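J.: Got a sequence here, can you model it:
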Amino acid sequence: MDNTLVNSVREKYVALETFLNERSKRIWASVEAKALGRGGKVLVSAATNLSRTTINRGIRELNQPFESTTDGRTRSEGGGRKRLTEQAPKLIDKLKELVEDTTCGDPETPLLWTCKSTRQLSETLNDQGYHIGRQKISELLSDLGYSLQGNRKTMEGDCHPDRDKQFRYLNRRVQLFQRHSQPVISVDTKKKELIGNFSNKGKEWRPKGKPQQTDAHDFGKDRVNPYCIYDQTANVGWVSVGTDYDTAEFAVESIRRWWRKMGLLRYPDAKHLLVTADCGGSNGYRVRLWKVALQALADETGMRISVCHFPPGTSKWNKIEHRIFCHISTNWRGKPLTSHEVVVNLIGNTTTREGLSIQAELDTNEYRKGKKVSDEEISSLNIRRARFHGEWNYKIIPKCST
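T.: Okay, the predicted model is just below:
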């Protein structure tokens, strides 16, 4: 192939391309090919990236009378390639069948996801006689409401038979408290974070070629436990950044600090606090110290404290997971948590477009791990258990009000 001729044709094509429409491009290409003689189609195709089929069509059109259109069309009405879904009406149904066995719902959004790749789906459909590429597969899946997503931790064990009933019970309690302007909070501990010049997941904008330098190995003993309280009504949060063990006393102390710094100001006339919590961890329904510490808080504040636990295996449905935890992680992505102050500042500066604001404070108190609670202390609790799953739903009443 004569490269000099190819470059010459390419230069002319580049100069004219912006002035040509679809039909005039192939007409021009066919004229050039005929002028070059034998091998002209190959040369023009290499120079313009137009297929030889297109050039042949242009040659045929040169030999036919041109019929102009009055509406400015470059194609006759109804011309052009038909949509794949029009050529193969059953294509969408076949695609749905391929992903249906691996489709599942997402608890937060109506989007669906499929674990089969677009390349695999394309190959399978091609084997069935549908000529479709993976890019088109991606577009069709998007139109059908599918999206490419990662895994989400939502399965934690066997489903409790009363799971849905507990969710409905919890929801009714939340609505009741909100109607009467009483505080409702969700509580949970975010995962422990390592303090030091260690790599943190995610990326942030920096000068090109100058990434943040961090230690090669994530070895360290200094960790923090961010215990979060989320006010569901006001869309505000409080985080106690603990430097010691994540115990029930630490959890209740975090609630106490939220009440003193935020809750009391927002709910000065509150008589009753509702706490929604996971069924495990430092605020688990089986943790004796959790109830003893809540009794001390109730006696101190004079408020009744009702607790509703999420049923086993549903901790990821706690609102705090989706309203606070994810936004904190986003705010400090790609930033090494080099000190306690850095953690507190990054948490305290977390906001969202929906108006979320968070206050954070360092808790340097010591909390003894494995503290035992006697049967006498449990029997002295002023606790009222609900008729429906009293182990999950209970109320702690200040002793001074009995």
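
J.: Only C-alpha atoms from now on, for both contacts and neighbour counts.
T.: Fine.

J.: Using CSV, list the CA coordinates for stretch 259-266.
T.: C-alpha atoms of stretch 259-266 as CSV (Å, rounded to 0.1, in the frame of the first residue of the first chain):
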residue,chain,number,x,y,z
TRP,A,259,-27.7,14.7,75.6
ARG,A,260,-25.7,17.4,77.5
LYS,A,261,-24.2,19.0,74.4
MET,A,262,-27.0,18.6,71.8
GLY,A,263,-30.1,16.8,73.0
LEU,A,264,-31.0,18.9,76.0
LEU,A,265,-30.8,22.1,73.9
ARG,A,266,-33.0,20.7,71.1
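
J.: Go through it and flag the buried ones.
T.: Within stretch 259-266, the residues that count as buried by 16 or more other C-alpha atoms under 10 Å are Trp259, Met262, Gly263.

J.: Quick check on the first one: phi, psi?
T.: Read that as Trp259. Trp259 adopts backbone torsions of phi -60, psi -40, taken as degrees, to the nearest 10.

J.: before we move on, back to that, out of the buried residues of stretch 259-266, which comes closest to Ala47?
T.: Distance to Ala47 across these (C-alpha to C-alpha) is lowest for Met262, with 70.8 Å.

J.: which one is the closest one nearest to, not counting chain neighbours?
T.: Ranked by C-alpha to C-alpha, 6 or more residues apart in numbering and with sequence neighbours excluded, the top spatial neighbour of Met262 is Trp238, at 8.0 Å.

J.: likewise Phe250?
T.: Nearest non-adjacent residue to Phe250, counting by C-alpha to C-alpha, 6+ apart: Tyr367, 6.6 Å away.

J.: how close does the one you found sit to Asn235?
T.: To Asn235, Tyr367 is 29 Å away according to C-alpha to C-alpha, to the nearest Å.

J.: Give the residue spans of this protein that score low on pLDDT.
T.: 65-88, 100-116, 148-158, 202-206, 208-210, 215-220, 401-402 (pLDDT under 70).

J.: Geometric centre of it: which residue is closest?
T.: Cys326 (7.9 Å; C-alpha atoms, centre = their mean).

J.: can I assume that residue sits in a helix?
T.: Yes - per DSSP: H, G, I helix; E, B strand; the rest coil, Cys326 lies within a helix segment.

J.: possible to save the buried residues of stretch 259-266 as CSV with distance to Gly39?
T.: Converted to CSV, these look like this (distance: C-alpha to C-alpha, whole Å):
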residue, distance to Gly39
Trp259, 85
Met262, 82
Gly263, 83
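
J.: And the residues you listed, which is closest to Trp392?
T.: Using C-alpha to C-alpha, the buried residues of stretch 259-266 come closest to Trp392 at Trp259, 22.9 Å.

J.: For this structure, which segments count as strands?
T.: Ranges of strands in the chain, per DSSP state E, are 104-105, 112-113, 184-189, 193-194, 223-231, 236-242, 272-277, 304-309, 357-363, 383-385, 393-396.

J.: and the third one, what other elements does it pack with?
T.: Read that as strand 184-189. In terms of contacts (3 or more C-alpha pairs under 8 Å, 6 or more residues apart in numbering; DSSP states H and E), strand 184-189 is packed against helix 163-179, strand 223-231, strand 272-277, helix 319-320.

J.: can I get those in CSV with distance to Ala15?
T.: Shown next, in CSV, are the helices and strands packed on strand 184-189 (distance: least, C-alpha to C-alpha, whole Å):
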stretch, distance to Ala15
helix 163-179, 68
strand 223-231, 63
strand 272-277, 69
helix 319-320, 60
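
J.: Tell me which of the ones you listed lies nearest to Glu17.
T.: helix 319-320 (56.3 Å).

J.: Which strands or helices does the closest one pack on?
T.: strand 184-189, strand 223-231.
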